[in-house]
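Q: return atomic coordinates for the entry below.
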Amino acid sequence: MMSDMPPRTRGRYTSSAPRRRPTGSERRRRVQLREVELAADIDPVEHPQHDRDETEEVFEGALGGPIDRCILRSFNKHIAAKIWLGELWELDVERSHISETVQRFGLAPLISCSHQVASRPMLSEFCEQWQPETTTFHLPFGEMTITLDDVASILHIPVTGSMISFSQPLRVDDANALLVELLGTTDVEASRETEQCRSPSVRLLWLRENFSTITDVSSDDDIEFATRAFLLHLVGCTLFADKSATSVGVVYLELFRDLSMVGSYAWGAACLAFLYRQLTTATRFEVRQLGGYLTLLQAWIYEHFPKMFSSSDLSYIESRPHALRWRPHVIPDSLQSVRERLDRLQSSDVCWEPYVDHRVEHPFPDIAWFSRCIKCGLVVEPYHPERVLRQFGYIQTIPLRPFAPPRPDRSMLLDQYWERWTDHVLTDQSRGRRCQYSGSRESVAEYMAWYDRISHRIVQPPHLRSGFTTDARSSLPSHTASTSDSH
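A: Sure, this is the predicted structure:
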């Protein structure tokens with residue numbers, strides 16, 4: 001912690017020198033990297049070089065470089081510069097009152113689990129395989145999805161508890177009032193921040209600048225304000241990261257009004273609903289970015305497709321979250337090559353049950369069999385374990401038609417279903433028969449013929465594949481080849 005900071009008043013630092021607001025050009029050039037990778041371009045884009053603004057702050061250079069910024073012109077905004085200057089929001093795990101709160105309520109794994117996105121083409125291609133109606137990935141051999149079991153095993157955050165619900169969208173005026181009440185800002189400060197965001201949101205940078213230097217010797221009110229600010233920053237960087245990669249909705253601040261209740265929410269279920277919605281949005285052809293907790297998506301791919309994409313951390317021990325099992329590495333593949341690899345996938349290439357060795361430390365959560373809708377505020381998404389029975393060790397059968405989410409005005413009914421989740425899990429009859437051995441890829445004989453009728457399971461048109469000839473159709477996955485995997 002820096003010891004020469006000026007005194008703090010109601011959540012903000014005061015200073016005799018007026019703060020210079022960044023210009024529009026500076027904000028546009030703000031680098032969108034931070035402690036974790038929050039969002040990835042669906043397609044790689046060229047980054048044009050910007051002319052240096054005359055009002056840009058002068059960076060005098062630092063040990064470790066750069067000394068000459070003719071190339072790295074925006075380095076003073078870069079995450080590496082913040083790390084060098086010690087300006088990131090880091091917690092002292094041994095002494096921080098805030099850290100103790102985060103640990104107590106089950107969100108501490110989010111601090112250590114997040115890692116950088118290693119392959120944009122990999123994430124892009126899985127977005128192309130996502131189907132909103134079923135909330136599953138449609139792959140050549142059948143459907144797969146991220147389940148509540150995946151969330152619990154990968155992140156070690158709660159998947160049971162109260163649904164995260166909001167009755168209506170938050171207005172800017174209400175957001176300003178929340179900032180004043182729960183973070184101790186002034187009306188002017190709150191209005192200025194939401195006006196800059198042009199929404200009922202605050203910048204992650206703003207939270208760090210104004211609350212990251214609180215210590216255990218600060219007043220109780222300041223510690224409480226900073227704890228809420230840190231939790232808002234944490235979920236904004238992870239569970240509820242939006243495509244902007246720079247801000248977080250003030251609506252989530254309401255969840256931290258009573259800090260003693262933070263551990264009562266089903267954070268994992270809310271994270272999954274939010275990611276489902278982000279994947280659905282990313283399937284629209286005009287969308288070029290993906291929000292949501294990309295660490296969860298990337299780790300899920302590593303878990304289930306280890307032969308294709310992953311590099312394991314040999315120091316991993318099973319008591320830790322599975323997100324830490326992997327070493328993200330850059331995959332130098334083009335989007336087309338990743339498409340072709342996924343289009344050639346067979347069920348034998350999948351690790352269907354990656355958490356078998358993890359069960360001693362982290363038992364299977366029965367709520368993963370819940371078959372209704374999951375929520376994150378006003379976001380409601382169907383959750384269909386019956387469509388991915390192989391991920392639970394059961395033989396895949398032909399599922400019923402997916403159910404549509406209820407109207408927003410009826411979404412409170414979902415809270416009642418969730419509270420009585422044991423009444424809404426798949427019955428033993430619905431689950432059917434277990435696979436003959438762990439990690440099996442079995443499905444009923446008629447499954448692939450049905451799946452081929454209802455799905456778009458091959459993304460890349462054959463004539464666009466590399467090395468395609470008129471005789472190359474035999475290399476495409478066929479009904480016979482796919483069905484043979486099911487026995």
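
Q: any idea how far Ala190 is from Val180?
A: 5 Å (Cβ to Cβ, to the nearest Å). In this view, the C-beta of every residue, glycine as well, is placed from N, C-alpha and C.

Q: those two: which has the busier surroundings?
A: Ala190 (22 against 18; other Cβ atoms under 10 Å).

Q: in this protein, mark out all the strands, start to finish.
A: 8-9, 12-13, 40-41, 130-131, 136-139, 142-144, 201-203, 247-249, 289-290, 373-376, 379-382 (DSSP state E).

Q: dump those strands into a markdown table; add mean neighbour count, distance to Ile164 and mean pLDDT as well.
A: Listed next are the strands of the chain as a markdown table, based on neighbours: other Cβ atoms under 10 Å; distance: least, Cβ to Cβ, whole Å; pLDDT from 0 to 100:
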| stretch | mean neighbour count | distance to Ile164 | mean pLDDT |
| --- | --- | --- | --- |
| strand 8-9 | 15 | 31 | 42 |
| strand 12-13 | 15 | 28 | 40 |
| strand 40-41 | 21 | 24 | 41 |
| strand 130-131 | 18 | 22 | 92 |
| strand 136-139 | 22 | 23 | 96 |
| strand 142-144 | 24 | 25 | 96 |
| strand 201-203 | 23 | 17 | 96 |
| strand 247-249 | 23 | 12 | 95 |
| strand 289-290 | 21 | 21 | 87 |
| strand 373-376 | 25 | 6 | 94 |
| strand 379-382 | 21 | 9 | 93 |
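
Q: so which of those strands gets nearest Leu231?
A: Among the strands of the chain, the nearest to Leu231 by Cβ to Cβ is strand 247-249 (10.4 Å).

Q: what comes into contact with that closest one?
A: 170, 197, 199-204, 207, 232-233, 235-237, 240, 242 (Cβ atoms under 8 Å, 6 or more residues apart in numbering).

Q: which parts of the stretch 151-300 of the chain are helices?
A: All helices of the stretch 151-300 of the chain, identified by DSSP state H, counting those that start in this stretch, fall at 172-183, 187-197, 204-211, 220-237, 267-282, 294-304.

Q: nearest to Pro321, out of the ones you listed?
A: Each of those has some distance to Pro321 by Cβ to Cβ; the shortest is helix 294-304, at 8.6 Å.

Q: now for the closest one, which elements pack on it?
A: Packing partners of helix 294-304 (3 or more Cβ pairs under 8 Å, 6 or more residues apart in numbering; DSSP states H and E): helix 120-129, helix 148-155, helix 267-282.

Q: for those helices, which one sits closest to Arg228?
A: That would be helix 267-282 among the helices and strands packed on helix 294-304, by Cβ to Cβ, at 15.6 Å.

Q: contacting residues around the nearest residue to Arg171 once chain neighbours are set aside?
A: Distances taken as Cβ to Cβ, 6 or more residues apart in numbering place Pro200 nearest to Arg171, at 6.5 Å, with adjacent residues excluded. For Pro200, the contact set (Cβ under 8 Å, 6+ apart) comprises Leu170, Arg171, Val172, Asp174, Ala175, Thr194, Gly249, Val250, Val251.

Q: repeat the analysis, applying 10 Å as the threshold.
A: 169-176, 178-179, 194, 249-251, 253 (Cβ atoms under 10 Å, 6 or more residues apart in numbering).

Q: buried only: go through these for me.
A: Neighbour-count burial (16 or more other Cβ atoms under 10 Å) applied to the contacts of Pro200 gives Leu170, Val172, Ala175, Asn176, Leu178, Leu179, Thr194, Gly249, Val250, Val251, Leu253.

Q: tell me the one of those nearest Thr283?
A: Taking Cβ to Cβ as the measure, Thr283 sits nearest to Gly249 out of the buried ones among the contacts of Pro200, at 22.5 Å.

Q: tell me what the closest one is bridged to.
A: Ser201 (DSSP bridges).

Q: between the strands of the chain, which one is nearest to Gln391?
A: strand 142-144 (6.5 Å).

Q: so which elements touch that closest one?
A: Using 3 or more Cβ pairs under 10 Å, 6 or more residues apart in numbering; DSSP states H and E, the elements in contact with strand 142-144 are helix 120-129, strand 136-139, helix 447-454.

Q: swap in 7 Å and give it another go.
A: Under the contact definition 3 or more Cβ pairs under 7 Å, 6 or more residues apart in numbering; DSSP states H and E, strand 142-144 sits against strand 136-139.

Q: neighbouring contacts of the strand it packs on?
A: 126, 129-131, 143-145, 342, 345, 384, 387-388, 455-457 (Cβ atoms under 7 Å, 6 or more residues apart in numbering).

Q: mind running it again at 10 Å?
A: Outside strand 136-139, the residues that touch it by Cβ under 10 Å, 6+ apart are 125-131, 142-146, 276, 279, 300-301, 304-305, 342-343, 345-347, 349-350, 382, 384, 387-388, 399, 402, 451, 454-459, 477.

Q: for the helices of the stretch 151-300 of the chain, which one sits closest to Gly377?
A: helix 267-282 (7.7 Å).

Q: and the closest one, how far out from the chain's middle?
A: 7 Å (Cα atoms, centre = their mean, to the nearest Å).

Q: okay, the angle between it and helix 120-129?
A: 80 degrees (axes from the mean of the first three to the mean of the last three Cα atoms, to 10 degrees).

Q: grab the nearest non-local neighbour of Glu133.
A: Once flanking residues are discounted, Glu133 sits nearest to Pro402: 5.6 Å by Cβ to Cβ, 6+ apart.

Q: Gln129 against Leu342, yeah?
A: Yes: shown here, Gln129 and Leu342 form a contact pair, counting by Cβ atoms under 10 Å, at 6.7 Å.

Q: which residues do these two both contact?
A: Phe137, Leu139, Pro140, Val459.

Q: list the contacts for Val235?
A: 107, 110, 241, 248-249, 252-253, 255-256, 267, 270-271, 274, 293.

Q: ok, it to Asn176 distance?
A: Taken as Cβ to Cβ, the span from Val235 to Asn176 is 20 Å.

Q: circling back to that earlier point, dump the helices of the stretch 151-300 of the chain into a markdown table; add distance to Arg359 as well.
A: Listed next are the helices of the stretch 151-300 of the chain as a markdown table, based on distance: least, Cβ to Cβ, whole Å:
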| stretch | distance to Arg359 |
| --- | --- |
| helix 172-183 | 39 |
| helix 187-197 | 43 |
| helix 204-211 | 36 |
| helix 220-237 | 28 |
| helix 267-282 | 17 |
| helix 294-304 | 14 |
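
Q: give me the neighbour count for Thr213.
A: With other Cβ under 10 Å as criterion, Thr213 counts 16.

Q: between the contacts of Val235, which is closest to Val151?
A: Nearest to Val151 among the contacts of Val235, with distances taken as Cβ to Cβ, is Cys271, at 6.4 Å.

Q: what residues does the nearest residue to the closest one once chain neighbours are set aside make contact with?
A: With Cβ to Cβ, 6+ apart as the criterion, Cys271 has its nearest non-adjacent residue at 4.1 Å, and that residue is Leu239. The contact partners of Leu239, taken as Cβ under 10 Å, 6+ apart, are 107, 110, 151, 155, 157, 164, 252, 267-268, 270-272, 274-275, 292-293, 295-296, 376.

Q: swap in 7 Å and give it another go.
A: Residues in contact with Leu239 (Cβ under 7 Å, 6+ apart) are Trp267, Ala270, Cys271, Phe274, Tyr293.
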